[in-house]
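Student: model this:
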Amino acid sequence: MQELKEAFCKQCLHIVEVKLQNTLSRIQSLQNDLNSETKSSAGDKHETGRAMIQLEMEKESQKLNDLQEMKNTLIRIDTNTSNEIVKLGSLVSTSMATYFISASLGALKTENGSCFAISPKSPIGSMLLGKKTGDELVFNGRKIEINSIT
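Tutor: Next comes the predicted model:
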């Protein structure tokens, strides 16, 4: 299970790195668009175009900050430790699914298994935090039992 947890962590880091690069490229493209917006005789049209580009840049900048925060969280995970209670970096096998408590990145798959990478702040993640093997909880009306924690 330790190898599986390490593989999931590496996969998460790779996904975040790709998203970071795409976001940086998008910001650079928007910056180029902003720089190339030239004053025209249609002044209002020019200002509206610049404003829309600025809004897009703000959205992308926020996404960049969120992705950098995700990356910092993933870097802090020690995949060599086993946990008795669910916390950041835990691989939690339940009666419903397997979860990697890390960052909200969705379904992950390797040759040896699959899981859902979820944030500890997500609804299911926050419910799992602090639980032990054998504990039960109810999520969306479904009873979930924790089978193992790595």
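
Student: for E136, which residues are in contact?
Tutor: E136 makes contact with K143, I144, E145, I146 under the criterion CB atoms under 8 Å, 6 or more residues apart in numbering. C-beta here means a position set from N, CA and C on the backbone, and glycine is covered the same way.

Student: from T94, how far off is it?
Tutor: 9 Å (CB to CB, to the nearest Å).

Student: any idea which helix or strand comes after whichever strand or helix holds Q62?
Tutor: Q62 belongs to helix 43-76 when assigned by DSSP states H and E. The first helix or strand that comes after helix 43-76 along the chain, using DSSP H and E, is strand 91-94.

Student: neighbouring strands of that next one in the sheet, and parallel or not?
Tutor: Applying DSSP bridges, strand 91-94 is found paired with strand 98-101 (antiparallel), strand 142-149 (antiparallel).

Student: any chance of the contacts of E136 in CSV, plus distance to R26, pLDDT and neighbour count?
Tutor: Converted to CSV, the contacts of E136 look like this (distance: CB to CB, whole Å; pLDDT from 0 to 100; neighbours: other CB atoms under 10 Å):
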residue, distance to R26, pLDDT, neighbour count
K143, 43, 96, 10
I144, 38, 97, 20
E145, 43, 98, 13
I146, 40, 98, 21
